[in-house]
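Participant: any chance you can model this:
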Amino acid sequence: MFFGTYTPRLDDKGRLTLPAKFRDALAGGLMVTKSQDHSLAVYPRAEFEAMIAEINGRAKRGNPQARAYLRNLAASTDEQYPDSQGRITLSAEHRRYAGLSKDCVVIGSIEFLEIWDAEAWRNYQELHEENFSAASDEALGDIF
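Facilitator: From the prediction side, this is the model:
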(Lines give C-alpha, C1' and ligand atoms only; values in the text may rest on other atoms or scores of the structure.)
Protein backbone atom coordinates (compact mmCIF):
# COMPACT_ATOMS: atom_id res chain seq x y z
CA MET A 1 0.00 0.00 0.00
CA PHE A 2 1.12 3.53 -0.74
CA PHE A 3 0.86 6.31 1.84
CA GLY A 4 2.53 9.67 2.43
CA THR A 5 3.57 12.82 0.60
CA TYR A 6 6.96 13.29 -1.06
CA THR A 7 8.48 16.18 -2.99
CA PRO A 8 10.91 14.99 -5.67
CA ARG A 9 12.12 17.23 -8.47
CA LEU A 10 11.78 16.57 -12.16
CA ASP A 11 15.17 16.75 -13.90
CA ASP A 12 15.90 18.30 -17.32
CA LYS A 13 15.45 14.92 -19.02
CA GLY A 14 11.95 14.43 -17.61
CA ARG A 15 13.07 11.92 -14.98
CA LEU A 16 11.49 11.70 -11.55
CA THR A 17 13.03 9.85 -8.62
CA LEU A 18 10.49 7.64 -6.91
CA PRO A 19 10.37 7.68 -3.10
CA ALA A 20 12.81 5.08 -1.77
CA LYS A 21 10.20 3.33 0.37
CA PHE A 22 8.19 2.39 -2.76
CA ARG A 23 10.98 1.20 -5.01
CA ASP A 24 10.79 -2.47 -4.06
CA ALA A 25 7.05 -2.56 -4.77
CA LEU A 26 7.64 -0.97 -8.20
CA ALA A 27 10.88 -2.70 -9.18
CA GLY A 28 9.09 -5.34 -11.28
CA GLY A 29 7.61 -2.70 -13.53
CA LEU A 30 5.04 -0.01 -13.28
CA MET A 31 2.44 1.69 -15.40
CA VAL A 32 2.15 5.47 -15.64
CA THR A 33 -1.14 6.85 -16.92
CA LYS A 34 -3.23 9.98 -16.90
CA SER A 35 -5.49 10.28 -13.89
CA GLN A 36 -8.27 12.57 -12.79
CA ASP A 37 -7.66 16.19 -11.82
CA HIS A 38 -4.72 16.49 -14.24
CA SER A 39 -2.42 14.27 -12.22
CA LEU A 40 -0.61 11.07 -13.18
CA ALA A 41 -1.22 7.66 -11.66
CA VAL A 42 1.60 5.15 -11.10
CA TYR A 43 0.49 1.55 -10.59
CA PRO A 44 2.56 -1.55 -9.90
CA ARG A 45 2.23 -3.59 -13.08
CA ALA A 46 0.26 -6.42 -11.41
CA GLU A 47 -2.19 -3.97 -9.81
CA PHE A 48 -2.72 -2.25 -13.16
CA GLU A 49 -3.32 -5.56 -14.93
CA ALA A 50 -5.95 -6.51 -12.34
CA MET A 51 -7.65 -3.14 -12.71
CA ILE A 52 -7.69 -3.46 -16.52
CA ALA A 53 -9.12 -6.98 -16.33
CA GLU A 54 -11.95 -5.72 -14.12
CA ILE A 55 -12.67 -2.69 -16.31
CA ASN A 56 -12.50 -4.72 -19.50
CA GLY A 57 -14.84 -7.34 -18.08
CA ARG A 58 -17.43 -4.75 -17.08
CA ALA A 59 -17.11 -2.34 -20.00
CA LYS A 60 -19.82 -2.37 -22.61
CA ARG A 61 -17.90 -1.75 -25.80
CA GLY A 62 -21.14 -0.82 -27.55
CA ASN A 63 -21.28 2.26 -25.31
CA PRO A 64 -19.40 5.20 -26.91
CA GLN A 65 -18.34 6.56 -23.49
CA ALA A 66 -16.90 3.20 -22.46
CA ARG A 67 -14.98 2.92 -25.75
CA ALA A 68 -13.64 6.45 -25.36
CA TYR A 69 -12.53 5.77 -21.78
CA LEU A 70 -10.78 2.51 -22.69
CA ARG A 71 -9.08 4.08 -25.71
CA ASN A 72 -7.86 7.05 -23.70
CA LEU A 73 -6.64 4.84 -20.86
CA ALA A 74 -4.75 2.50 -23.19
CA ALA A 75 -3.30 5.29 -25.31
CA SER A 76 -2.13 7.29 -22.30
CA THR A 77 -0.42 4.45 -20.42
CA ASP A 78 3.34 3.99 -20.46
CA GLU A 79 5.19 1.00 -19.02
CA GLN A 80 8.32 1.91 -17.07
CA TYR A 81 11.05 0.17 -15.13
CA PRO A 82 12.86 2.31 -12.54
CA ASP A 83 16.59 2.66 -13.18
CA SER A 84 19.22 1.82 -10.55
CA GLN A 85 18.62 5.21 -8.88
CA GLY A 86 14.85 4.71 -8.72
CA ARG A 87 14.08 7.14 -11.54
CA ILE A 88 11.39 6.87 -14.18
CA THR A 89 11.12 9.01 -17.31
CA LEU A 90 7.82 10.79 -17.76
CA SER A 91 6.80 11.33 -21.36
CA ALA A 92 6.39 14.84 -22.73
CA GLU A 93 2.65 14.19 -23.05
CA HIS A 94 2.37 13.10 -19.42
CA ARG A 95 4.34 16.15 -18.27
CA ARG A 96 2.10 18.42 -20.37
CA TYR A 97 -1.14 16.80 -19.16
CA ALA A 98 -0.19 17.11 -15.48
CA GLY A 99 1.41 20.55 -15.94
CA LEU A 100 4.59 19.27 -14.34
CA SER A 101 7.41 21.69 -13.67
CA LYS A 102 10.55 21.08 -11.64
CA ASP A 103 8.76 20.83 -8.31
CA CYS A 104 6.52 17.79 -8.06
CA VAL A 105 4.55 16.03 -5.35
CA VAL A 106 4.16 12.27 -5.17
CA ILE A 107 1.34 11.12 -2.92
CA GLY A 108 0.38 7.67 -1.81
CA SER A 109 -3.16 6.86 -2.90
CA ILE A 110 -3.38 3.44 -1.22
CA GLU A 111 -3.27 1.16 -4.31
CA PHE A 112 -1.19 3.49 -6.48
CA LEU A 113 0.86 6.69 -6.45
CA GLU A 114 -0.18 10.04 -7.85
CA ILE A 115 2.21 12.57 -9.35
CA TRP A 116 1.18 16.22 -9.18
CA ASP A 117 2.75 19.54 -10.02
CA ALA A 118 3.56 21.05 -6.61
CA GLU A 119 1.51 24.21 -7.16
CA ALA A 120 -1.47 22.26 -8.53
CA TRP A 121 -1.35 19.98 -5.46
CA ARG A 122 -1.31 22.97 -3.09
CA ASN A 123 -4.31 24.47 -4.92
CA TYR A 124 -6.15 21.14 -4.82
CA GLN A 125 -5.53 20.77 -1.11
CA GLU A 126 -6.70 24.30 -0.36
CA LEU A 127 -9.88 23.70 -2.34
CA HIS A 128 -10.67 20.29 -0.81
CA GLU A 129 -9.18 20.33 2.67
CA GLU A 130 -12.40 21.56 4.27
CA ASN A 131 -14.33 18.76 2.54
CA PHE A 132 -12.05 16.24 4.27
CA SER A 133 -12.54 17.86 7.68
CA ALA A 134 -16.29 18.18 7.24
CA ALA A 135 -16.97 14.69 5.84
CA SER A 136 -19.87 13.12 7.68
CA ASP A 137 -20.80 9.51 8.19
CA GLU A 138 -23.62 9.94 5.67
CA ALA A 139 -21.25 11.28 3.01
CA LEU A 140 -18.83 8.44 3.64
CA GLY A 141 -21.51 5.75 3.87
CA ASP A 142 -20.64 4.22 0.52
CA ILE A 143 -16.96 4.10 1.44
CA PHE A 144 -17.14 2.69 4.96
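
Participant: can you confirm E126 is in a strand?
Facilitator: No. Going by DSSP: H, G, I helix; E, B strand; the rest coil, the assignment for E126 is helix, not a strand.

Participant: may I see the buried residues of stretch 79-88?
Facilitator: By neighbour count on 16 or more other Cβ atoms under 10 Å, the buried set for stretch 79-88 is 80, 82, 86-88. (Glycine included, C-beta is placed from N, CA and C.)

Participant: how long is that stretch end to end?
Facilitator: Taking Cα to Cα, to the nearest Å, the span from the opening residue of stretch 79-88 to its closing residue is 10 Å.

Participant: heads up, I number from 32, so please use that
Facilitator: Yes, from this point I'll number from 32; that puts the last item at stretch 110-119.

Participant: how about residues contacting it?
Facilitator: Residues from elsewhere that reach stretch 110-119 (Cβ atoms under 8 Å, 6 or more residues apart in numbering): 42, 46-49, 51, 54, 57-58, 60-63, 73, 76, 120.

Participant: can you rerun that using 6 Å?
Facilitator: Stretch 110-119 is contacted from outside by 46-49, 54, 57, 60-63, using Cβ atoms under 6 Å, 6 or more residues apart in numbering.

Participant: check the offset of it from the chain's centre.
Facilitator: 16 Å (Cα atoms, centre = their mean, to the nearest Å).

Participant: got phi/psi on E142?
Facilitator: Here is the backbone geometry of E142 (degrees, to the nearest 10): phi -90, psi -10.

Participant: how far away is the residue nearest to it when sequence neighbours are not counted from L57?
Facilitator: Distances taken as Cβ to Cβ, 6 or more residues apart in numbering put E78 closest to E142, at 5.8 Å, once the chain neighbours are dropped. With distances defined as Cβ to Cβ, to the nearest Å, the gap from E78 to L57 amounts to 10 Å.
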